[in-house]
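**Student:** here is the input, now give the coordinates:
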Amino acid sequence: QVQLVESGGGLMQAGDSLRLTCAASGRTNSAYVMGWFRQGAGKTREFVAAIKRRTGDTDYGDSVKGRFTISRDNAKNTVYLQMNSLKPEDTAVYYCAARGAYFGPFSRNENDFVYWGQGTQVTVSS
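**Tutor:** Just a heads-up that it's a prediction; the model follows:
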């Protein structure tokens, strides 16, 4: 099992920057790919970004590409989501997720991720 704990959410203004942190514990070697998803009120869960822990390869959702950056510190079993130029439409609960051994192309399907954190709220006012 892998446990994931997000932190760093908050109330921001449009144009601000914010960094989310996801700390993994347990069988972290099982977390080959880690990602971020978000869910706004009344909306379906949306893929934000993912990173392969061994190679550092990344993938981004179209709505955040160029503004958000995902990174990892394997020594700390931590993944970060740096969010710049925040917009009101970025308001959501942000979830960290992980999946096990996988060496294929990135998947943006939440059903492919096995482990989930409890989420952290990000609110962006205009």
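**Student:** quick one: contacts for A23?
**Tutor:** By CB atoms under 8 Å, 6 or more residues apart in numbering, the contact list for A23 reads 4-5, 7, 76-78. Quick note: C-beta positions are derived from backbone N, CA and C, even for glycine.
**Student:** hang on, it in a strand?
**Tutor:** Yes. When DSSP: H, G, I helix; E, B strand; the rest coil is applied, A23 is found to be in a strand.
**Student:** quick revisit: between the contacts of A23, which sits nearest Y95?
**Tutor:** Distances from Y95 to the contacts of A23, taken as CB to CB, are shortest for L4 (8.5 Å).
**Student:** surely N77 meets C22?
**Tutor:** No. Counting by CB atoms under 8 Å, N77 does not reach C22; the two are 9.3 Å apart.
**Student:** okay, the two: which has more neighbours?
**Tutor:** More crowded of N77 and C22, by other CB atoms under 10 Å: C22, with 27 against 19.
**Student:** in the sheet, who's paired with that one?
**Tutor:** Beta-bridge pairing of C22 under DSSP bridges involves E6, V79.
**Student:** for it, give its distance to N111.
**Tutor:** Per CB to CB, to the nearest Å, C22 is found 19 Å from N111.
**Student:** by neighbours, which of the contacts of A23 wins?
**Tutor:** L4 (23 neighbours).
**Student:** gap between that residue and N29?
**Tutor:** With distances taken as CB to CB, L4 is found 14 Å from N29.
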